[in-house]
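[1] Need a 3D model of the sequence below.
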Amino acid sequence: MPSFSDRLKELRMSKGLKQQDMADLLEITSRHYQQYEYGKVDLPTSKTQALADFFNVSIDYLLGRTDFKELIEWEAGDEAYLRDEELLKMIEEIQANNIEENKKLKKLIKEFQIVAKKRSTENASKIN
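    As a prediction, the model looks like this:
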């Protein structure tokens, strides 16, 4: 999987931005930004979040921890889809056809589980 610096450069270039543009966005020097793209220094959490928001990707995607670029925005009741027969058949078809797709599917489901668990915890804390 690509590294953070690879993803950062890829996202910057996909928007047609220069390193100086990114430095201005992050309110740092161009040289400091270059060090992020070259993997020489770590990016503070606040700037990582700002970049993820700017590019509309998850932090995990930006850090190279997942290949799923899109942010997943779940709504109340989405957990029920995991019990959906149509969805289960779709999963079975993917599993039967391609090992690489299986890996991606497992990552997506794990991300879904994390979001669902977080929502459950947030809802429980609202009740208490």
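
[2] residue ranges for the helices of this protein, please.
    4-14, 19-26, 30-37, 45-55, 59-63, 85-97, 99-127 (DSSP state H).

[3] Tell me which of the ones you listed sits most buried.
    helix 59-63 (a mean of 18; mean count of other Cβ atoms under 10 Å). Quick note: C-beta positions are derived from backbone N, CA and C, even for glycine.

[4] average pLDDT for stretch 37-51?
    Across stretch 37-51, the average pLDDT comes to 91.

[5] Now do the contacts for residue 8.
    Residue 8 is in contact with 36, 37, 51, 62, counting by Cβ atoms under 8 Å, 6 or more residues apart in numbering.

[6] TSV please, covering the helices of the chain and showing distance to residue 69.
    As requested, those are exported to TSV (distance: least, Cβ to Cβ, whole Å):
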stretch	distance to residue 69
helix 4-14	9
helix 19-26	18
helix 30-37	18
helix 45-55	9
helix 59-63	5
helix 85-97	19
helix 99-127	12
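
[7] got any ranges where this protein has weak pLDDT?
    Along the chain, the model assigns pLDDT under 70 to residues 70-85, 87-88, 95-97, 116, 118-128.

[8] mind running it again at 80?
    Along the chain, the parts satisfying pLDDT under 80 run over 1, 68-128.

[9] tell me the domain boundaries of it?
    With domains defined by automatic domain parsing, the chain comprises 4-63, 78-127.

[10] Need the max-distance pair from the contacts of residue 8.
    For these, the farthest-apart pair by Cβ to Cβ is 37 and 62; their separation is 12.5 Å.
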